[in-house]
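Undergrad: Next one to model:
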Amino acid sequence: MIFLGTIREILLGHRTFLWMFFCLIFLGWGLSGCRSKESSVKKKHVLEGLDRRTKLRFKSYFAKGHVLYQRHCSNCHQSSGKGIKSWIPPLKNSDYLLRNPKRNICIIRYGQDSIIRVNGKKYDSPMPGFPQLSSLEIAEIITYVQNAWGNRGGFLSVKEVQMYLERDSCRVRF
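TA: Sure thing, here's the model as predicted:
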């Protein structure tokens with residue numbers, strides 16, 4: 001009885017805790033736990049014309065990128081890549097994502113706090129950067145999101161990611 005009363009006081013007495021509890025339950029466990037069908041995505045468009053070694057690297061990047069995406073991105077952008085309506089932009093069929101993949105490298109590393117337009121809709125929710133991710137991990141995430149959910153974005157190598165991150169223009173938050 002005392003234990004239940006304490007929980008009720010915590011949940012009802014502290015709005016901040018209630019909001020954090022909601023986010024943890026609904027966004028963290030509920031939606032990101034849904035299985036998506038990205039493993040069945042046909043990636044033939046990317047693999048055409050690539051040598052055997054590059055094909056293997058792409059497949060490795062895609063698989064590892066999926067794991068990293070689930071760990072770092074799916075709580076907001078969802079496992080389905082659809083985002084959260086009017087709050088978090090979608091990555092699935094996103095004109096913003098596919099228009100300039102190199103800009104997305106900088107956004108993953110340094111974050112974004114400006115208003116963006118994705119598929120004709122405005123989004124003004126800031127995205128935190130992930131400075132702890134290596135260039136390889138960013139290349140893997142980019143490769144995954146550019147080719148999951150029917151996206152046809154191609155493949156970025158770790159060398160391309162490293163070169164772009166070293167540019168001064170990349171160090172400015174978008």
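Undergrad: what sits against Val92?
TA: Heads up, residue 92 is Lys, not Val. Counting by C-beta atoms under 8 Å, 6 or more residues apart in numbering, Lys92 makes contact with 80-82, 148-151. In short, each C-beta sits where N, CA and C put it, glycine included.
Undergrad: what's the answer for Gln146, then?
TA: Per C-beta under 8 Å, 6+ apart, neighbours of Gln146: 97-98, 101, 152-156.
Undergrad: And it, which helix or strand is it part of?
TA: Element membership of Gln146 [criterion: DSSP states H and E] is helix 135-147.
Undergrad: Could you turn the buried ones of the contacts of Gln146 into a ChimeraX selection?
TA: Of those, the buried ones go into a single ChimeraX selection, burial set by 16 or more other C-beta atoms under 10 Å:
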select :97,98,101,153,155,156
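Undergrad: circling back: mark which of the contacts of Lys92 are buried, thanks.
TA: Burial by neighbour count, judged by 16+ other C-beta under 10 Å, picks out 80-82, 148-149, 151 from the contacts of Lys92.
Undergrad: Put together CSV for those, with secondary structure and distance to Leu165 on each row.
TA: Compiled in CSV, these are given as follows (DSSP: H, G, I helix; E, B strand; the rest coil; distance: C-beta to C-beta, whole Å):
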residue, secondary structure, distance to Leu165
Ser80, coil, 28
Gly81, coil, 24
Lys82, coil, 28
Ala148, coil, 22
Trp149, coil, 25
Asn151, coil, 22
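Undergrad: Where is the longest helix in the chain?
TA: Assignment by DSSP state H gives helix 52-72 as the longest helix of the chain.
Undergrad: just checking, what packs against the following helix or strand past that one?
TA: Heading C-terminal from helix 52-72, the first helix or strand you meet, by DSSP H and E, is helix 74-77. Under the contact criterion of 3 or more C-beta pairs under 8 Å, 6 or more residues apart in numbering; DSSP states H and E, helix 74-77 touches no helix or strand at all.
Undergrad: just how off-centre is helix 74-77 within its chain?
TA: 7 Å (C-alpha atoms, centre = their mean, to the nearest Å).
Undergrad: lowest-pLDDT helix or strand in this protein?
TA: None of the helices or strands of the chain scores lower by mean pLDDT, DSSP states H and E than helix 15-22, at a mean of 39.
Undergrad: Kind regards, and thank you for your time.
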